[in-house]
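Novice: Coordinates for the following, if possible.
(one chain, ligands or ions: 1)
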Amino acid sequence: MAEKAVRAGVVLRPHFKTHQSVAIGEEFRTFGVSAIAVSNLDMAEAFAAAGWRDITIAFPVNQLQVDRIDGLAAGIDLHLLVEDSQTVRLLEARLESPVGIWIKIDTGSGRTGLTSDDPRAVCALAGTIAASKQLRFEGLLTHAGHTYKGGTPEEIKGIYQASVQAMRGVRDVLEGAGLAGALISVGDTPGCSLVEDLRGVDEIRPGNFVFYDATQWRLGSCAQEDIALAVACPVVARHPERNELVVHGGAVHLSLSHLPDERGAPMYGFLASKAEKGWGPIIDGALVRSLSQEHGVIRARPELVKETAVGAVVTVIPVHSCLTVNLMREYRTLEGERIPCYPVH
Ligand code: PLP
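Specialist: A predicted model of the protein is given here:
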């Protein structure tokens, strides 16, 4: 991803919400990364304490945290996301330290942001920010989360490109209105993984690509061998009569993120085969078919159920690595090293 960004002349600002680890964050520095995105203020404070000096909180400003935001902005180059003028006025009134401001744009995902279909509303908000003393208008930011709904890699690339075009269209209208120089920040893992030429924007912010997961594999954003995260789950019960194993690996470990199985029913992870070190390919027909708080129920072929003893450890590839990491909060590398996520109080 870093090489692709360099080739395209765009800044890679990886989203650190996926790994939430100071040590893994350090690995990014070796690829020339110096700017990061996070998804909440706690995370921003944790990575600032770890020496990161250029942080975007890629989540709409929580007005209740304005004093803490000001404290953080005193020590680092902090960038915030807004989509309404009331928040802009509050920041202007309450912040003492300067911050960079991005307007969140919705190019079709329908989560947050001003719609790219109404550039005049974006112009009005940009004008309010630009007129402020404390706030530095930096640009337009979107997350084209609808790439996750793309049925094929071609469709995903099309959604990504359409989103970039929509952002450029809004920027052109801003320019026409005398607000030149707005930067464009985009970035989702499916789009950034599949699109080869990332020119046309100023910054990309993918996060999930650090590990990938079952969702990305299904989308075609990565190969199976690219998935770098799995959960080692102890087998606690066997039910050969139902072709099932029960593992200690429930919703509190894997999250409730799901994908459709071959019949369209939800499934919560794939079982991977054993390898001398780590894990091998996903096992055909072996998946987590249901979860409760601590239990994961695995449906597998009769031979696998027969040969797997209670007390064995099986490897589950999670559906969504970001949420799984957020729940587990500690990694074990294949060499046995333990790597914590930043502490949550
Ligand atoms: N930027 C924003 C605003 C996001 O919400 C996310 C993920 O939700 C990302 C970037 C990273 O995208 P991905 O998880 O596809 O890597």
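Novice: Please make it C-alpha for all contacts and neighbour counts, starting now.
Specialist: Fine.
Novice: Just want the phi and psi numbers for Ile101.
Specialist: phi -120, psi 130 (degrees, to the nearest 10).
Novice: What about it, how many residues nearby?
Specialist: Neighbourhood size, Ile101 [other Cα atoms under 10 Å]: 24.
Novice: doesn't His79 make contact with it?
Specialist: Yes - Ile101 lies in contact with His79 (Cα atoms under 8 Å); the separation is 5.7 Å.
Novice: Contacts for the helix or strand where Ala23 lies next, please.
Specialist: Element membership for Ala23 (DSSP states H and E) is helix 22-29. Residues outside helix 22-29 that contact it (Cα atoms under 8 Å, 6 or more residues apart in numbering): 16, 19, 47, 50, 339, 341-342.
Novice: what about Gly75, neighbour count?
Specialist: When neighbours are counted by other Cα under 10 Å, Gly75 registers 12.
Novice: What is the burial count for Arg53?
Specialist: Counted with other Cα under 10 Å, Arg53 comes out at 17.
Novice: Distance of it relative to the ligand?
Specialist: Counting by Cα to the nearest ligand atom, to the nearest Å, the separation of Arg53 from the ligand is 18 Å.
Novice: Would you mind measuring from Cys123 to Ile282?
Specialist: From Cys123 across to Ile282, the span is 49 Å (Cα to Cα, to the nearest Å).
Novice: typo on my end, it should be Val186
Specialist: Taking Cα to Cα as the measure, Val186 falls 32 Å from Ile282.
Novice: which of those two has more neighbours?
Specialist: Neighbours per residue, other Cα under 10 Å: of Val186 and Ile282, the larger number sits with Val186, 23 against 19.
Novice: Touching, that one and Arg199? I think so.
Specialist: No - Val186 lies out of contact with Arg199 (Cα under 8 Å); the separation is 11.3 Å.
Novice: Next, Val235: secondary structure please.
Specialist: Reducing the assignment at Val235 to three states with DSSP: H, G, I helix; E, B strand; the rest coil gives strand.
Novice: residues near the residue nearest to it when sequence neighbours are not counted, how many?
Specialist: Leaving aside its chain neighbours, Val235 sits nearest to Val247 (4.3 Å; criterion: Cα to Cα, 6 or more residues apart in numbering). By other Cα under 10 Å, the residues close to Val247 number 26.
Novice: any idea which helix or strand carries Val247?
Specialist: Here Val247, judged by DSSP H and E, is contained in strand 244-248.
Novice: Just checking: what are the partner strands of that strand?
Specialist: strand 231-239 (antiparallel), strand 295-299 (antiparallel) (DSSP bridges).
Novice: Tell me the helix or strand right after it.
Specialist: Following strand 244-248 toward the C-terminus (DSSP H and E): helix 251-254.
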